[in-house]
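[1] Need coordinates for the below:
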Amino acid sequence: TLTGRPPYGEFGDSLEEIISRFRPRGEPGPSPGEVDSDSATHPLLDGLISRLLATDPVDRPDSATEVCEELARIEQVLIPSPSSTRPALLDALCAQPSENSWAALCRFLTNQNPETKELAEERLSSWPTELRCAVIGWWESTRRGELHPLWGIARSLKLSGRGLQDGDIEKLSQISAMASIRRLDLSENELGPASAEALANSPFLSSLEHLELRNNHIGETGLKAIAESPKLRRLKFLGLSRNRIGGPSLEALMRSELPLRSLDLAENDLRIEGAEALTQGNLRHLNSLNLRGNLFGPDGTALLAVSTQLITLRDLDLSRNALGPSGAAALAVSRNLARLQHLNLAQNNLGRQGLQLFLSSPGLDSLESFDASSNTFGPNGAMALASSLVARRLRKLAISDNGIEDAGLAALLGAPQLTGLSCLRVAQNK
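    Numbers count the residues shown, from 1 in each chain. Next up is the predicted model:
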């Protein structure tokens, strides 16, 4: 499109003639001016095109992102006027959502005018919110009272493991720029109930859809503040693993009107009281529930199994809950898990008996992924799994650390029920 001619030879030349004109390895390719003197462009653009045509791949730009960044720099030289928006270049930068494209776009927009930024906002509308992540430097300048000019195009803020304390979150919750944020990750800090209360009362977080608070200590008071907040009514994901939450603390969350699709309560101290609270809650929208490491035991598991509150679940993690054979039997007779596609029962002391009881379930026709690692069911358990009806729809199966031995592995590999598997994990078996 620059010269109307191929870079090597002419239209109609044979393959041998074209190859004979290739530059020696290590040299740049021809520029438009070399192909056609009337088509010479700016030296910077000529240089970029020569690099793109280099014979040796190591001399070419590493990625399309690098090319876009170089074009943006050339644009600043060729068209210094701030009124130029160059939508074609924006289209190139926004065409493929990725972390690299986002970084390149942010660098390009730094010196652009408001009209260009508005165009960028339009082109970013289809991007996943997690990729539109505010740069940490933007956050640092904003907390000093200097609002970064690109903050408005960000939809995600990740402040995981930055040693934040309650005072920091109280300041964050009063920053008006937070109104554009849809995903907020505050995991692995030192946040207590006061942080949760500040978030719950913020006038600028009403658009928040994803809140990750993993590995803090908000406790019962903090959980109640979030559950009862009139500001956080769009939350679809709430991450509360390792937050010192006891079973009775769940009552406020279960009474709330939060439209949660995914809830992570892993490694708290819910026990049977927490299981009972979950059965009495308002979880009609929930698709994913992580209850790993809460010591429900067989009785708590039985309460969950008979609850119609969990009938919408697609993904359930009950690993490390001391289910035993009795808990497995409770799941097997449940009629409320028919939509379940992903189930994790690792480290539950099922043994061969528990596994066989679970596999007798008539209500798991949708199950596609099953993790039964570390349950010591041995080769006989593997053979039972290989011949079970539950296995027929499985795409992913994890049975590491079960002592299945060669006989169990052979049964699995030869099972016609498991021909649809795309992933089989059998590490640490003897």
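[2] excluding its backbone neighbours, what's nearest Glu70?
    Of all residues not flanking Glu70 in the chain, Leu48 sits nearest, at 5.4 Å (Cβ to Cβ, 6 or more residues apart in numbering). Every residue, glycine included, has its C-beta placed from N, CA and C.
[3] Pull up the gap between that neighbour and Leu71, please.
    According to Cβ to Cβ, to the nearest Å, Leu48 stands 7 Å off from Leu71.
[4] Same check on Pro193?
    50 Å.
[5] residues contacting Pro248?
    Going by Cβ atoms under 8 Å, 6 or more residues apart in numbering, Pro248 touches 220, 273, 277.
[6] scratch that, Leu345 is what I was asking about
    Leu345 sits next to 318-319, 323, 328, 331, 358, 370-372, 375 when contact means Cβ under 8 Å, 6+ apart.
[7] The same query, at a cut-off of 6 Å, please.
    318, 372 (Cβ atoms under 6 Å, 6 or more residues apart in numbering).
[8] And it, how close does it get to Lys396?
    For Leu345, the distance to Lys396 - Cβ to Cβ - is 14 Å.
[9] would you say the residue nearest to Glu70 is within a helix?
    Yes - under DSSP: H, G, I helix; E, B strand; the rest coil, Leu48 falls within a helix.
[10] ranges for the helices of the stretch 201-350 of the chain?
    Along the stretch 201-350 of the chain, counting by DSSP state H, counting those that start in this stretch, helices occupy 219-227, 250-255, 271-279, 297-306, 324-333.
[11] how distant is the first one from the center of its chain?
    Think helix 219-227. Centroid displacement of helix 219-227 relative to its chain, using Cα atoms, centre = their mean, to the nearest Å, is 25 Å.
[12] Need the contact partners of that helix.
    Helix 219-227 is contacted by residues 193, 196-197, 200, 244-245, 249, 252-253, 256 when judged by Cβ under 6 Å, 6+ apart.
[13] Where neighbours are concerned, which of the residues you listed has the most?
    Counting neighbours by other Cβ atoms under 10 Å, Ala196 leads these with 28 neighbours.
[14] Please name the nearest non-neighbouring residue to Leu304.
    Nearest one to Leu304, counting by Cβ to Cβ, 6+ apart, is Ala275 at 5.4 Å.
[15] Let me know how buried that neighbour is, in neighbour terms.
    25.
[16] In contact with it, which residues?
    Contacts of Ala275 by Cβ under 6 Å, 6+ apart are 296, 300, 303-304.
[17] Would you mark the buried spots in stretch 233-249?
    Neighbour-count burial for stretch 233-249 flags 235-247, 249 (criterion: 16 or more other Cβ atoms under 10 Å).
[18] wait, which of those residues is closest to Glu99?
    Taking Cβ to Cβ as the measure, Glu99 lies nearest Phe237 of those, at 20.3 Å.
[19] thinking the closest one is in contact with Leu208, fair?
    No - assessed by Cβ atoms under 6 Å, Phe237 is found out of contact with Leu208, at 9.8 Å.
[20] Mind pulling the model confidence for the residue most central in space within the chain?
    The residue lying closest to the centre of the chain (Cα atoms, centre = their mean) is Glu130, at 7.4 Å. Looking at Glu130, its pLDDT stands at 95.
[21] Likewise for Leu337?
    89.
[22] Grab the longest helix from the protein for me.
    If you go by DSSP state H, the chain has its longest helix at helix 64-78.
[23] Now do the buried residues in it.
    64-65, 67-72, 74-75.
[24] same thing with stretch 122-142?
    124, 127, 132-135, 138-139, 142.
[25] In those, find the pair that's most separated.
    Greatest spatial distance among the buried residues of stretch 122-142 (Cβ to Cβ): Trp127 and Thr142, at 21.4 Å.
[26] End to end on stretch 72-87, go ahead and measure it.
    For stretch 72-87, the first-to-last residue distance is 12 Å (Cα to Cα, to the nearest Å).
[27] could you give me the average pLDDT of that stretch?
    On average, the pLDDT along stretch 72-87 is 61.
[28] got it, and stretch 199-210?
    96.
[29] May I have that stretch as PDB, with CA atoms only?
    Extracted C-alpha coordinates of stretch 199-210, given in PDB (Å, rounded to 0.1, in the frame of the first residue of the first chain):
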ATOM      1  CA  LEU A 199     -15.700   0.200  51.900                       C
ATOM      2  CA  ALA A 200     -19.300  -0.500  52.800                       C
ATOM      3  CA  ASN A 201     -20.000   3.200  53.500                       C
ATOM      4  CA  SER A 202     -18.000   4.700  50.500                       C
ATOM      5  CA  PRO A 203     -20.200   6.900  48.200                       C
ATOM      6  CA  PHE A 204     -17.800   6.000  45.300                       C
ATOM      7  CA  LEU A 205     -18.000   2.200  45.100                       C
ATOM      8  CA  SER A 206     -21.600   1.700  44.000                       C
ATOM      9  CA  SER A 207     -20.300   0.300  40.700                       C
ATOM     10  CA  LEU A 208     -18.100  -2.300  42.300                       C
ATOM     11  CA  GLU A 209     -18.800  -5.900  41.000                       C
ATOM     12  CA  HIS A 210     -15.800  -7.800  42.300                       C
END
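[30] and it, how far from the chain's centre?
    On Cα atoms, centre = their mean, the centre of stretch 199-210 falls 21 Å from that of its chain.
[31] same question, stretch 316-326
    With Cα atoms, centre = their mean, you get 25 Å for stretch 316-326.
[32] okay, it in CSV with CA atoms only?
    In CSV, the C-alpha atoms belonging to stretch 316-326 read as follows (Å, rounded to 0.1, in the frame of the first residue of the first chain):
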residue,chain,number,x,y,z
LEU,A,316,-18.4,-26.4,44.5
ASP,A,317,-15.2,-26.8,46.5
LEU,A,318,-15.6,-29.0,49.6
SER,A,319,-12.0,-30.1,49.9
ARG,A,320,-10.4,-30.5,53.4
ASN,A,321,-13.7,-30.7,55.2
ALA,A,322,-13.4,-34.2,56.9
LEU,A,323,-16.4,-35.6,55.0
GLY,A,324,-15.5,-39.2,55.4
PRO,A,325,-17.8,-42.0,53.9
SER,A,326,-20.9,-40.5,55.6
